[in-house]
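Enquirer: this one's sequence-less:
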Ligand SMILES: Nc1nc2c(c(=O)[nH]1)N[C@@H](CN(C=O)c1ccc(C(=O)N[C@@H](CCC(=O)O)C(=O)O)cc1)CN2
């Protein structure tokens, strides 16, 4: 067997074309969706992601603003900026690029963002809504994975989903979203014993471990769906957590790195920003 490759990049482009039309329609009704992205410091990967967010926002017609602050910014300065953005009625979505420098507590910043503008879906109020199966902003990478699976018509009901990774950004929320779709979800992590015993039982394996090449053909069973969320730079080359050529011989579907899950992250951010603008204008 050689797996069908699910290209998130291609799906992302299709969805962004649809969004372009939606934004045009909103503007005709006087609604100008606006995203503000805040970045602190000079981390090259973060800078490249926020540039990608800016470019994608502009392409679909969103108003977007990038606020770049120095590495030495204090927590108080950032919290004051967020409060100003919370109060600004022209701003619909606020995103603070993670990770933050050590002097700033991520959770304090996440909790300072008005949940109705939290297009990252990280605020505890939005996480709680997701956990209780309510409609809200879902975190962008997990949401992108869900949309990819649905568009590929991969059924989730009753499937054994094994997730490697338990971060608040990806591992935990993707498990919750798939549980909401009636999948049977197992979370594995750095302390899991006999990882291979779990991965071999998966119908759908989601790897978000940040360990280049962690998973190969011998860790999976025939016909499994493999979603690779790893974004690792090894000797200057971008590589996933899955040994792609090896795993694709056994899998039924597989996502590549790059051009797999990554581009969907930014696409779902655009989706959430449009949703925020519509909700605010509908007073929801
Ligand atoms: N506030 C947030 N911070 C971070 C998030 C997030 O969702 N919100 N996620 C990650 C980084 N991230 C977006 O911010 C992100 C990661 C990867 C990609 C992407 O398109 N990857 C491409 C490769 C790009 C490259 O060449 O480097 C791919 O996989 O094809 C987009 C966004 C951490 N921080």
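Expert: The structure has been received and is ready for your questions. A quick note: this is a predicted structure, and the numbers were derived from the prediction, not measured. Numbers count the residues shown, from 1 in each chain.
Enquirer: contacts and neighbour counts: CA atoms only from here.
Expert: Will do.
Enquirer: nearest residue to residue 239 other than its sequence neighbours?
Expert: residue 232 (5.1 Å; C-alpha to C-alpha, 6 or more residues apart in numbering).
Enquirer: chain neighbours aside, what residue packs nearest to residue 86?
Expert: residue 114 (5.8 Å).
Enquirer: next one: residue 172
Expert: Distance criterion C-alpha to C-alpha, 6+ apart; nearest residue to residue 172, sequence neighbours excluded, is residue 166 at 5.1 Å.
Enquirer: by contact count, what packs against the helix or strand hosting residue 95?
Expert: Using DSSP states H and E, residue 95 sits within strand 93-96. In terms of contacts (3 or more C-alpha pairs under 8 Å, 6 or more residues apart in numbering; DSSP states H and E), strand 93-96 is packed against strand 34-40, helix 262-281.
Enquirer: residue 11: which of those is closest?
Expert: For these, the distance to residue 11 is smallest for helix 262-281, at 7.8 Å, taking C-alpha to C-alpha.
Enquirer: in that closest one, what's buried?
Expert: Under the neighbour-count criterion of 16 or more other C-alpha atoms under 10 Å, helix 262-281 has 262-278 buried.
Enquirer: what about the ligand: which of the residues you listed touch it?
Expert: 262-263, 265-266 (C-alpha under 6 Å from any ligand atom).
Enquirer: dump those residues to TSV, plus distance to residue 75.
Expert: Below are these laid out as TSV (distance: C-alpha to C-alpha, whole Å):
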residue	distance to residue 75
262	29
263	30
265	26
266	26
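Enquirer: which of these sits closest to residue 135?
Expert: Residue 135 lies nearest to residue 265 out of those, by C-alpha to C-alpha, at 18.6 Å.
Enquirer: hmm, residue 144 and that closest one touching each other?
Expert: Yes. Taking contacts as C-alpha atoms under 8 Å, residue 265 lies within contact range of residue 144: 5.8 Å.
Enquirer: circling back: in TSV, list the ones next to the ligand among the buried residues of helix 262-281 along with pLDDT.
Expert: Shown next, in TSV, are these (pLDDT from 0 to 100):
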residue	pLDDT
262	96
263	96
265	98
266	97
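Enquirer: show the backbone phi and psi for the residue nearest to residue 86.
Expert: phi -60, psi 120 (degrees, to the nearest 10).
Enquirer: that one: neighbouring residues, count only.
Expert: Residue 114 is flanked by 19 other residues according to other C-alpha atoms under 10 Å.
Enquirer: what separates it from the ligand, distance-wise?
Expert: Taking C-alpha to the nearest ligand atom, to the nearest Å as the measure, residue 114 falls 14 Å from the ligand.
Enquirer: what's the spacing between that residue and residue 92?
Expert: Distance, residue 114 to residue 92, using C-alpha to C-alpha, to the nearest Å: 10 Å.
Enquirer: what is the neighbour count of the spatially closest residue to residue 281 that is not a sequence neighbour?
Expert: When the adjacent residues along the chain are set aside, residue 281 lies closest to residue 31, with 7.5 Å between them (C-alpha to C-alpha, 6+ apart). Neighbour count for residue 31, taken as other C-alpha under 10 Å: 17.
Enquirer: how about the strands of the stretch 1-150 of the chain, start to end?
Expert: 4-5, 34-40, 63-69, 93-96 (DSSP state E, counting those that start in this stretch).
Enquirer: just the stretch 151-284 of the chain next, same as before
Expert: Ranges of strands within the stretch 151-284 of the chain are 160-164, 184-188, 204-207, 225-228, 232-234, 237-239, 253-254, based on DSSP E, counting those that start in this stretch.
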